[in-house]
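> What follows is a predicted structure for the sequence shown.
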Amino acid sequence: MATSPNSAAAIVASRNRRRFILLVIACVFLVLALVAFFGVGRWLVVEDPVGKARAIAVLSGRMPVRALEAAKLYRQGYAPEVWLTHTSEPGESLKAMSISFEGEEVYSTRVLIHEGVPAGAIHVLETPIVNTADEVRVISRALERENNRSVILVTSKPHTRRVRLLWRKFAPPDCHAIVRAASDDPFDPRHWWRSTGDALDVVREVLGLMNAWAGLPLTRTR
């Protein structure tokens, strides 16, 4: 049966409308993808207003900028102590080969002392850690033994959102964390794609956040 001219025109018009709608949807998704791409660096960086706390905890990594920030906060009188975490590796493996190894906490201690923090105010938390989730658990357990259960967590700029998320997941409700980024961290949240280091930070943190949201099925990597 032959199709009338009006029916054929209607079919063409319907197809054109569908194509137009699909094009609009594709453009919307493209715009959203671009907004997410260019904005993810700024989204990763979150900070809490700084205030008095029981201690300043330096999360491991990115030495010496995190220790430098902790020393600055200590000199400004925000806390009477600085806490450091430590890992058991590669020290244990090297020890088995009779090779001496000084961990990051040793050098962070030296940085803190160089920047005016008294040695007596620096404490290395005893339990070794593997990743950020471990650090949150170790720091919050140490905080539970204190009357003042507030701590300033010093980390790098792109790491702040994940630290806050993990603290809310694993720390007791009566333990309060103030998340602060090292001010000398060179991470550029507005132009993170221009640097391979910044780009790797963004990818690592996005994957780390996805892992945390999923309940930490992957637990070994930092």
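Alright, I've got the coordinates. Because the structure is a prediction, the values reported are computed rather than measured. Numbering: from 1, shown residues only.
> hey, let's count contacts and neighbours off CA atoms from now on
Will do.
> Show me what counts as buried in the worst-scoring helix or strand of the chain on mean pLDDT.
When the helices and strands of the chain are scored by mean pLDDT, DSSP states H and E, helix 5-44 comes last with a mean of 78. Residues of helix 5-44 classed as buried by neighbour count (16 or more other CA atoms under 10 Å): 40-41, 44.
> what does stretch 174-190 contact?
Contact partners of stretch 174-190, identified using CA atoms under 8 Å, 6 or more residues apart in numbering, comprise 38-42, 45-51, 65-66, 68-69, 140, 143-144, 149-158, 160, 163-164, 167, 198.
> Can you get me a residue count around the closest residue to Pro128 other than its chain neighbours?
Nearest non-adjacent residue to Pro128, counting by CA to CA, 6 or more residues apart in numbering: Thr87, 4.7 Å away. Per other CA atoms under 10 Å, the neighbour tally for Thr87 reads 18.
> got it, and the one 5 residues further on?
Other residues within reach of Glu92, judged by other CA under 10 Å, total 14.
> same question, His86
Neighbours of His86 (other CA under 10 Å): 19.
> Surely it forms part of a helix?
No - under DSSP: H, G, I helix; E, B strand; the rest coil, His86 sits outside any helix and is assigned coil.
> Grab the nearest non-local neighbour of it.
His86's closest residue in space is Pro128 (CA to CA, 6+ apart), at 5.3 Å.
> wait, doesn't that neighbour sit right on Ser88?
Yes - with contacts counted by CA atoms under 8 Å, Pro128 reaches Ser88, the gap being 5.7 Å.
> Perfect, I'm done here.
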